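Participant: 3D model of this:
(chains A and B, ligands or ions: 5)
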Amino acid sequence: MAKIGVFVCHCGENIAAKVDCTKLVAAMEGHPGVAIAHEYKYFCSEPGQESIKKAVTEHGLTGVIVAACSPRMHEATFRTACAEAGLNPYLCEIANIREQCSWVHNDGEQATQKAIEITRSLVEKVKRNNELQPIEVPVTKRALVIGGGIAGIQAALDIANAGGEVVLVEREASLGGHMAQLSETFPTLDCSQCIMTPRMVEAARHPKIKLLTYSEIEKVEGYIGNFNVTIRQKARYVDMNLCTGCGECILKCPAKKITGEFDCGLANRTAIYTPFAQAVPNKPVIDSDNCIYFKNGKCKACQRICPTGAINFEMEDELVELEIGAIVVATGFQVQNTALYGEYGYGRYPDVLTGLQFERLASASGPTGGKIQRPSDGKEPETVVFIQCAGSRDPSKGIAYCSKICCMYTAKHAMLYAHKNHDGNTRIFYMDIRAAGKGYDEFTRRAIEEDGAGYVRGRVSKLWEENGKLMVRGADTLLGRPVEVAADMVVLATAMVPQPDSKELGKTLGIGYDEYGFFNEAHLKLRPVETATAGIFLAGTCQSPKDIPDSVAQASACASKVLALFSREKLEREPIIATNNEATCSGCWGCVLACPYNAIEKKDLTDRAGNLIRRVASVNAGLCQGCGTCVTFCRSNSIDLAGFTEKQIFAAVMGL
Amino acid sequence: MSIQQQYRSRAKELLQDGSVKMVIGYGEGTTATRRRPIFITNPDDTDRLVLDAACKTNLAGYLLREGLLADQKSVAIFLSPSGVRTINILASESQLSSAQVVVLGFQIQGDTVKALEGTKASDFSPLIAKRKEKRKAQPSHEMTRKLEQMTPAERFAFWEGEFSRCIKCYACRAACPMCWCRRCVVDNNQPQWVNTSSHTLGNLEWNLVRAFHLAGRCVECGNCSEACPVNIPLHLLNRRMTEEVLTAFDHYPGADEHQEPVLASFRKDDPETFIL
Ligand SMILES: Cc1cc2nc3c(=O)[nH]c(=O)nc-3n(C[C@H](O)[C@H](O)[C@H](O)COP(=O)(O)OP(=O)(O)OC[C@H]3O[C@@H](n4cnc5c(N)ncnc54)[C@H](O)[C@@H]3O)c2cc1C
Ligand code: SF4
Ligand code: SF4
Ligand code: SF4
Ligand code: SF4
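Facilitator: Ligands and ions are numbered 1, 2, ... in the order given. From the prediction side, this is the model:
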């Protein structure tokens, strides 16, 4: 005979204000199989839990229902309490009468009726629950870090320094990401490359870090502690073992007019190239789309000059398969440089630049050696106009969010310009100055007070060319009048956007992303580095716009999550797994195909002599994640999920 | 030579030279407009075969009789294009091996029957691809449109009325070549998801379950409606499903034998409009 205990929680006022808990208790008391029903202000509190434990032992309960908040909040709490009282934790279920009832209804009477039905439904389910034992799985102590920008490098170093093995995958030919492109960094104005390159070198040299540049993720299978990852190492056409990085080939390459990505189109590169002087690894790669040999079969100038014979035009992509325990995604961002704002003339006027291009102009390693000059004629600009929020915070253009860093880097740009061109003028069109961060407001004040940054509050409506000047017309909303500036250069603080392929990667990894393509965290406030997929974590700007300090902090947080996982020999997994009824399975393999974890195998059924009778599906308990996809797919209902069996679900539905 | 004569001699040859152990075809029925399936193993019996515009039933389901194909020997079978698509589906769902099926393909056009070239199911792929395009261009059937225009309440009332006649004989299931489950979900009484008695709820449950189970699999052969003793227009439900998977997933059931079941497979560019 079932002896179910029902514990109705008031959750302070959260539930009790809408649901008549006394009525709910009374309704449950009369329900078949219910031995006791109690109410209490906070069952999750210490005394609340104690009273459940006491009831379990005193009444010899065979099942427990806690009618309270979502199981995502306290299922673990109450199951542990039951286990402590000697009841198998899987005989405890949560009836969600808060999120799914009291919070979403106004009418108290109806809410009470609904709470009764929800609870009754769970009572019917728990009567059919079975005792389950957790499953133990091993943990592969090797982390995969995707993306070699500052966030990825930081996460990799933190994990490796604690003794964990790391595979760091970067899709470009060098580590570095955007930080390698920056000139000096707010709020301290230290040279970006000076603080970045030592990290890049450290990551590349670290005995615990296996660095795979020019590589991408091809396939991810498995689950926390036991991922199986296939990585595509793209053909570099340069043998990394033979190449000494002398750079002779680069000098010889006749294809010289290729737009350089690293300098954001402000300088050209050759077809065989290293992205920048401090690249790590500092070994070239052939861009086969632009290589003359790949285009028309003749050239090989680089191969002839190479003293070590490192160049191999026959090289092909290689697939590397790795066992991985945890994944850190640190794939960063892109700056938007489309023609989103036609009125700002980007792409039409050579002296209208993005902020990132300005970084390259201001950088000592940039195409002008750090001199701020106009791309059109090489002249030093006398007046520079900066336009903030060029794309961000403009729902009509499709980007409602704030890119967070542009206020700061625009102030920085105005400063760098003032430091280099003492007589120059700056005008910054802005909506607000957002400078929340340690030393940030001080920084923007310095730009205004010491470096004469000329802030104009308002938006620019039009930009055109007249007598060699870029005419900028906007409104000064503080003075309430239009302004017109004749500028020599215009810098657009274009929005920070996700990588164009981030949604693809999200699907490959099985993690969520928002409408823009930034990856979703499990909980914005309480679990900002985890994804909803166990064992996959987020670092840096792939999650949301961030500056360097925030990216680094999140990367270190990821490392601590990974290390916490690696500190355990085995993981306990919920025993919620599928089983197949071989007698009714028709062997259609629909479930095999549907299972996202490849957990279903084909099994031969043979007679005593070993002759094949037929083949049926068979679930591998080690791989099954209990998602239930196969259950919904199987037309003949041949698969059942422990903890959510057909009988349990049916009883729960009929209990409504 | 009439097409019937032509196919009789092809069937005879196949049996005589041992390339097939059986021919599944049509024979005389109880009336002039009804044909019944016949199963011929003796070459001398092939003149019992009939091929005319009344040969409408999709025979493919007979291939799944337990043990028929277990000896790895081949069987020849009369199939219209929707029958060939059935073979592709059954092969893709691992219920048979298409290598064991010799197709005697034909197409009914009005009152006449046209011979179709080919012997393997895959020989008909170009023809099926053309039919897919035609199906896409085909305007919704008048009745489908009418149903579409009804309010949900009207539509519910329409189906409630239709289904109220259902006597749960499961003839539709027996006639459908795609209903090959070893144990149909309605025969599962632990728990009894689908009510077996013939009342409104049970009837609705059964007919909707059946329709859903054919989403992305129905070849619109018409066997179910044809079998139903109380003339429920079952094909209307299936037709709606067919149009849905065709527009949403560009899926034409049975296009070839490597096609993956639309509800169990996943493409990165699948529309996700249903996710709010
Ligand atoms: C103009 C400008 C000026 C800035 N100035 C400052 C400043 O002064 N101070 C400051 O604190 N911040 C500044 N920032 C912000 C700073 O650049 C970022 O916070 C930081 O670079 C983010 O690092 P990240 O590692 O998250 O991303 P990224 O630097 O973008 O690195 C991501 C890396 O992942 C790689 N990757 C992407 N996709 C894949 C894939 N699928 N597989 C493998 N690898 C992949 C990329 O190639 C890249 O190397 C500035 C930004 C801009 C645009
Ligand atoms: S879907 Fe069902 S019938 Fe098909 S193989 Fe899987 S368990 Fe068997
Ligand atoms: S529940 Fe089914 S589909 Fe989900 S992981 Fe397990 S076997 Fe695969
Ligand atoms: S109705 Fe569904 S479960 Fe029943 S035989 Fe047909 S496909 Fe199988
Ligand atoms: S054939 Fe008709 S009457 Fe029989 S079960 Fe199917 S729908 Fe009902």
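Participant: show me what contacts residue 129?
Facilitator: Defaulting to chain A. A:63, A:90-91, A:93, A:643, A:648 (Cβ atoms under 8 Å, 6 or more residues apart in numbering or on different chains). The C-beta positions use only the backbone N, C-alpha and C, and glycine is treated the same way.
Participant: please go with chain B instead
Facilitator: Contacts of B:A129 (Cβ under 8 Å, 6+ apart): B:A255.
Participant: What helix or strand is it located in?
Facilitator: helix B:125-137 (DSSP states H and E).
Participant: Can you give me the pLDDT of B:R145?
Facilitator: On pLDDT, B:R145 comes in at 86.
Participant: got the residues of chain B near ligand 4?
Facilitator: Neighbours of ligand 4 within chain B, by Cβ under 6 Å from any ligand atom: B:173, B:179, B:181, B:184-185, B:209-210, B:213.
Participant: Can you list the buried residues in whichever helix or strand comes after the helix holding B:A129?
Facilitator: Counting by DSSP H and E, the next helix or strand C-terminal to helix B:125-137 is helix B:142-149. Across helix B:142-149, burial judged by 16 or more other Cβ atoms under 10 Å in any protein chain shown covers B:144, B:147.
Participant: Return the nearest residue of chain A with respect to ligand 5.
Facilitator: A:R635 (16.2 Å; Cβ to the nearest ligand atom).
Participant: Name the nearest residue to that residue, ignoring sequence neighbours.
Facilitator: B:H213 (4.8 Å; Cβ to Cβ, 6 or more residues apart in numbering or on different chains).
Participant: Can you tell me, leaving aside adjacent residues, what's nearest to A:Q133?
Facilitator: A:P575 is the one closest to A:Q133 (Cβ to Cβ, 6+ apart), at 5.8 Å.
Participant: again but with B:W206, I slipped
Facilitator: B:V194 (5.3 Å).
Participant: quick check, that neighbour in a helix?
Facilitator: No - B:V194 is assigned coil when assessed by DSSP: H, G, I helix; E, B strand; the rest coil, not a helix.
Participant: Tell me the confidence at it?
Facilitator: 89.
Participant: Same check on the one 4 residues further on?
Facilitator: At B:S198, the model reports a pLDDT of 85.
Participant: secondary structure class for it?
Facilitator: B:S198 - assigned by three-state DSSP - is coil.
Participant: That one contacts B:I167, doesn't it?
Facilitator: Yes - between B:S198 and B:I167 there is a contact at 5.6 Å, judged by Cβ atoms under 8 Å.
Participant: Please say which of the two ends up with more neighbours.
Facilitator: For B:S198 and B:I167, the more surrounded residue by other Cβ atoms under 10 Å in any protein chain shown is B:S198, and the numbers stand at 15 against 11.
Participant: pull the CA atoms of stretch B:215-235 into CSV?
Facilitator: Taking C-alpha atoms only, stretch B:215-235 is exported to CSV below (Å, rounded to 0.1, in the frame of the first residue of the first chain):
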residue,chain,number,x,y,z
ALA,B,215,3.4,12.3,-40.9
GLY,B,216,6.2,12.4,-43.3
ARG,B,217,5.6,8.8,-44.3
CYS,B,218,2.2,8.7,-46.0
VAL,B,219,2.5,8.2,-49.8
GLU,B,220,-1.2,9.1,-50.4
CYS,B,221,-2.0,5.7,-51.9
GLY,B,222,-5.5,5.8,-50.5
ASN,B,223,-5.5,2.3,-49.0
CYS,B,224,-6.9,3.6,-45.6
SER,B,225,-9.9,5.5,-46.9
GLU,B,226,-10.6,2.6,-49.3
ALA,B,227,-10.5,0.1,-46.5
CYS,B,228,-12.7,2.0,-44.0
PRO,B,229,-16.1,0.3,-43.9
VAL,B,230,-17.8,3.5,-42.7
ASN,B,231,-16.2,5.8,-45.3
ILE,B,232,-14.3,8.2,-43.0
PRO,B,233,-12.2,10.5,-45.3
LEU,B,234,-8.9,9.5,-43.6
HIS,B,235,-6.9,10.7,-46.5
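Participant: For the helix or strand hosting B:Y26, name the packing helices and strands.
Facilitator: Under the criterion of DSSP H and E, B:Y26 resides in strand B:22-28. Packed against strand B:22-28 by the contact rule (3 or more Cβ pairs under 8 Å, 6 or more residues apart in numbering or on different chains; DSSP states H and E) you find helix B:3-16, strand B:35-40, strand B:75-79.
Participant: contacting residues for the residue in the stretch 101-250 of chain B that ligand 1 sits nearest to?
Facilitator: Residue of the stretch 101-250 of chain B nearest ligand 1, by Cβ to the nearest ligand atom: B:F249 (27.1 Å). Counting by Cβ under 8 Å, 6+ apart, B:F249 touches B:216, B:262, B:270-271.
Participant: Pull out the buried positions in the helix holding B:A129.
Facilitator: Neighbour count says helix B:125-137 has B:125, B:127-128, B:131-132 buried, by 16+ other Cβ under 10 Å.
Participant: tell me what the strand or helix carrying A:A35 is packed against?
Facilitator: Take DSSP H and E as the rule and A:A35 turns out to sit in strand A:34-40. Judged by 3+ Cβ pairs under 8 Å, 6+ apart, strand A:34-40 is in contact with strand A:4-9, helix A:21-29, helix A:46-59.
Participant: Just name the most buried of those.
Facilitator: strand A:4-9 (a mean of 27; mean count of other Cβ atoms under 10 Å in any protein chain shown).
Participant: and the angle from that strand to strand A:34-40?
Facilitator: Using axes from the mean of the first three to the mean of the last three Cα atoms, to 10 degrees, the inter-axis angle of strand A:4-9 relative to strand A:34-40 is 10 degrees.
Participant: helices or strands next to strand A:4-9 in the packing?
Facilitator: helix A:21-29, strand A:34-40, helix A:46-59, strand A:63-68, helix A:108-127.
Participant: in the fourth one, what counts as buried?
Facilitator: So that's strand A:63-68. Quick answer for strand A:63-68 (16+ other Cβ under 10 Å): A:63-68.
Participant: Need the max-distance pair from those.
Facilitator: A:G63 and A:A68 (15.7 Å; Cβ to Cβ).
Participant: quick check: domain ranges of the chain?
Facilitator: Chain wasn't specified; assuming chain A. A:4-127, A:142-234+A:317-332+A:501-566, A:248-305, A:338-497, A:578-655 (automatic domain parsing).
Participant: could you do chain B instead?
Facilitator: Annotated domains of chain B cover B:3-130, B:142-264 [automatic domain parsing].
Participant: Pick out the shakiest of the ones you listed, pLDDT-wise.
Facilitator: domain B:142-264 - the lowest mean pLDDT of the domains of chain B, at a mean of 92.
Participant: Not including adjacent chain positions, what is the nearest residue to B:M1?
Facilitator: Nearest to B:M1 is B:S9, by Cβ to Cβ, 6+ apart, at 7.9 Å.
Participant: what's around the one you found, how many residues?
Facilitator: For B:S9, using other Cβ under 10 Å, the count is 15.
Participant: Same question for B:E162.
Facilitator: 18.
Participant: Looking only at whatever helix or strand it lives in, what residues are buried by neighbour count?
Facilitator: In this structure, B:E162 sits in helix B:152-163 according to DSSP H and E. Of the residues in helix B:152-163, B:159, B:162-163 count as buried by neighbour count, 16+ other Cβ under 10 Å.
Participant: and what of stretch A:171-188?
Facilitator: Buried-residue list, stretch A:171-188, by 16+ other Cβ under 10 Å: A:171-187.
Participant: Let's see which of these end up in strands.
Facilitator: A:184-185 (DSSP state E).
Participant: could you pick out which of the buried residues of stretch A:171-188 are near ligand 1?
Facilitator: Within the buried residues of stretch A:171-188, those near ligand 1 by Cβ under 6 Å from any ligand atom are A:171-172, A:177-179, A:182, A:185-186.
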